[in-house]
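here are the coordinates; sequence isn't available:
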């Protein structure tokens, strides 16, 4: 991420993000301001909400970074193979998931730029790790320590995926 950087946002994209943010009800905005208050000083918050697209690469430090979760498509994959997560801006700061605003961002230039940057980052990471077998071995060993060297699917053997049924 440091090598490629965050997406380059245009003034129109900053304006669109701020416009979407203003469509949230007042009570939701109170929650958004409270959540963002963890990341911004009070005197910085209003400016951040006027241009609510992040340009900063935030390094992960589990001692300084609060845990946040959400829905992903990774599921049990992380129990079966080494997995890493990173986040790239595809919506405005404070965006509420599972909302019409979140859906609208996905099809906007903002969502597309973020998605393309994420694809670039994943591609570069794959290229870099191909040349570093020690990194891959270390990740496999860490996973083996966590899962005991095997993965057991919690679904019973008689359950089959509904392939071709829809």
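Perfect, thanks for sending it. This is a predicted model, so every value here is computed, not measured.

list the helices and strands the helix or strand of the chain with the lowest mean pLDDT packs on?
Ranking every helix and strand in the chain by mean pLDDT, DSSP states H and E puts helix 77-80 at the bottom, with a mean of 86. When contacts are defined as 3 or more CB pairs under 8 Å, 6 or more residues apart in numbering; DSSP states H and E, helix 77-80 packs onto no helix or strand at all. For glycine as for every other residue, the C-beta is placed from the backbone atoms N, C-alpha and C.

by contact count, what packs against the helix or strand following it?
Going down the chain from helix 77-80, the next helix or strand is helix 100-106, by DSSP states H and E. With contacts taken as 3+ CB pairs under 8 Å, 6+ apart, helix 100-106 sits against helix 11-22.

and the helix it packs on, average pLDDT?
The average pLDDT within helix 11-22 is 95.

Could you list the buried residues of it?
In terms of neighbour count (16 or more other CB atoms under 10 Å), helix 11-22 has its buried residues at 13, 14, 16, 17, 18, 20, 21.

Put together a markdown table for these, with distance to residue 122 on each row.
Formatted as a markdown table, those follow (distance: CB to CB, whole Å):
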| residue | distance to residue 122 |
| --- | --- |
| 13 | 22 |
| 14 | 26 |
| 16 | 26 |
| 17 | 24 |
| 18 | 29 |
| 20 | 26 |
| 21 | 28 |
